[in-house]
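Undergrad: Provide a 3D model corresponding to the input given below.
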Amino acid sequence: MFVAACSGNSGPDAAMGRSLDAFRAVKITTDTIPPEDFQVDRLLTALDSLLVLPETPFGFESDARDYLRYLGIFLGDARLTPEQTDRVVARLDRIEARYPVLGSMVDDQRFRARNLIPGKIAPNIMGTDTDGNEFKLADYRGNIVVLVFSGDWCAPCREEYPYQRRMLERYRDEKVVLLGVSADYTFKRMQEVREQEGLDYRTWWDGPPIGPISASWKVWAFPEIYVLDTDGVILHVEERGDDLIEAVDKALARSWEPNGEAGTPPSS
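TA: Predicted structure coming up:
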């Protein structure tokens with residue numbers, strides 16, 4: 001059974017350590033431009049080198065799941081071209097053909113490569129808010145959107161609360177919107193947390209540990225945070241704390257440029 005996890009700062013196990021080392025060697029750190037083809041090739045080669053079936057395959061699926069997830073995390077820094085996306089998907093197809101047992105894991109990463117990395121239009125979300133009113137993610141086109149998948153049972157999620165309050169204050173007069181997808185255990189608990197913590201932004205309650213919205217976005221660890229531009233295109237994945245606020249400042253500044261209103265970011 002799949003159980004959602006928190007993605008905090010605890011030390012990685014051996015498999016995760018190997019995957020991190022392999023991917024860090026070719027880490028892509030682009031923002032608005034695509035990576036070089038050789039960087040993408042090296043990232044995929046690193047994945048291939050990790051996915052070598054051991055003589056004793058005990059634990060292979062678990063390790064492979066981590067390797068594939070870390071591919072997704074590192075692709076979160078990449079603004080792939082359509083051709084590069086096709087190459088990543090083709091490599092994942094070959095991995096699935098070689099290791100059929102990894103089918104569902106590979107499928108998740110194919111979806112991420114096609115839909116959930118910088119430069120892709122974010123999938124729409126439809127549901128009801130805490131007041132029972134229906135709304136969609138697409139309703140907020142024209143705004144910079146910070147989309148937060150979170151649950152109060154998750155310590156790293158709670159660490160983001162002060163930054164979320166800062167953003168609500170910092171951007172209250174700007175076209176920046178925070179939206180949440182809650183994995184809290186009950187609807188009542190979600191309401192209590194939002195009131196107690198001053199998290200006054202619109203939220204879908206998705207339920208624990210992985211509700212239908214989180215499942216459709218292939219969430220596997222909380223919190224998961226996306227920054228979208230005014231056209232609904234993903235700009236950043238997994239920025240947190242001060243880095244998240246800096247990313248939103250940059251996105252907001254870019255949104256002013258077409259109208260000649262470059263200006264300066266809001267003051268702290």
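Undergrad: Now name the helix or strand holding Gly142.
TA: Gly142 is part of no helix or strand, with elements assigned from DSSP states H and E.
Undergrad: what's the pLDDT at it?
TA: Per-residue confidence (pLDDT) for Gly142: 96.
Undergrad: Over to Val52?
TA: 78.
Undergrad: so Val101 touches Glu61, yeah?
TA: Yes: Val101 sits in contact with Glu61 when judged by CB atoms under 8 Å, with a separation of 6.1 Å. The way it works is simple: take the backbone N, C-alpha and C, and place the C-beta from them, glycine included.
Undergrad: What is the least confident helix or strand in this structure?
TA: The helix or strand of the chain with the lowest confidence, counting by mean pLDDT, DSSP states H and E, is helix 14-24 at a mean of 58.
Undergrad: next SSE after that one?
TA: By DSSP H and E, the next helix or strand past helix 14-24 is helix 37-50.
Undergrad: Quick check: what element follows that next one along the chain?
TA: Assigned by DSSP H and E, the successor of helix 37-50 is helix 60-75.
Undergrad: same question for that next one, mean pLDDT?
TA: 85.
Undergrad: Also stretch 96-105?
TA: The model assigns stretch 96-105 a mean pLDDT of 92.
Undergrad: In PDB, list the C-alpha atoms belonging to that stretch.
TA: Extracted in PDB, the C-alpha atoms of stretch 96-105 (Å, rounded to 0.1, in the frame of the first residue of the first chain):
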ATOM      1  CA  GLU A  96       9.200   0.100 -18.700                       C
ATOM      2  CA  ALA A  97       9.800  -2.400 -21.500                       C
ATOM      3  CA  ARG A  98      12.900  -3.700 -19.700                       C
ATOM      4  CA  TYR A  99      11.400  -3.800 -16.200                       C
ATOM      5  CA  PRO A 100       7.600  -4.300 -16.500                       C
ATOM      6  CA  VAL A 101       7.300  -4.400 -12.700                       C
ATOM      7  CA  LEU A 102       8.000  -0.700 -12.700                       C
ATOM      8  CA  GLY A 103       5.100   0.100 -15.000                       C
ATOM      9  CA  SER A 104       3.100   2.300 -12.700                       C
ATOM     10  CA  MET A 105       6.200   4.100 -11.300                       C
END
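Undergrad: Return the set of buried residues in that stretch.
TA: For stretch 96-105, burial by neighbour count (16 or more other CB atoms under 10 Å) applies to Glu96, Tyr99, Leu102, Met105.
Undergrad: likewise stretch 33-52?
TA: For stretch 33-52, burial by neighbour count (16+ other CB under 10 Å) applies to Pro34, Pro35, Gln39, Val40, Arg42, Leu43, Leu44, Ala46, Leu47, Leu50, Leu51.
Undergrad: I'd like to know which of those residues is nearest to Thr128.
TA: Pro34 (37.7 Å; CB to CB).
Undergrad: any idea how far Val237 is from Asp200?
TA: Distance from Val237 to Asp200, counting by CB to CB, to the nearest Å: 25 Å.
Undergrad: let me redo that: Gly76
TA: Gly76 is 28 Å from Asp200, by CB to CB.
Undergrad: can you check Glu224 too?
TA: 21 Å.
Undergrad: which of those two has more neighbours?
TA: Neighbours were counted for Glu224 and for Asp200 using other CB atoms under 10 Å; Glu224 has more, 22 against 12.
Undergrad: what is the residue nearest to that one when sequence neighbours are not counted paired to in the beta sheet?
TA: Nearest non-adjacent residue to Glu224, counting by CB to CB, 6 or more residues apart in numbering: Phe149, 4.2 Å away. For Phe149, the beta-bridge partners under DSSP bridges are Val181, Glu224.
Undergrad: Just to check, Phe149 is in contact with Ile225?
TA: Yes: using CB under 8 Å, Phe149 is in contact with Ile225, at 7.3 Å.
Undergrad: who has more neighbours, the two?
TA: Just comparing Phe149 and Ile225: by other CB under 10 Å the higher neighbour count belongs to Phe149, 25 against 21.
Undergrad: which residues touch Thr85?
TA: Ala113, Arg114 (CB atoms under 8 Å, 6 or more residues apart in numbering).
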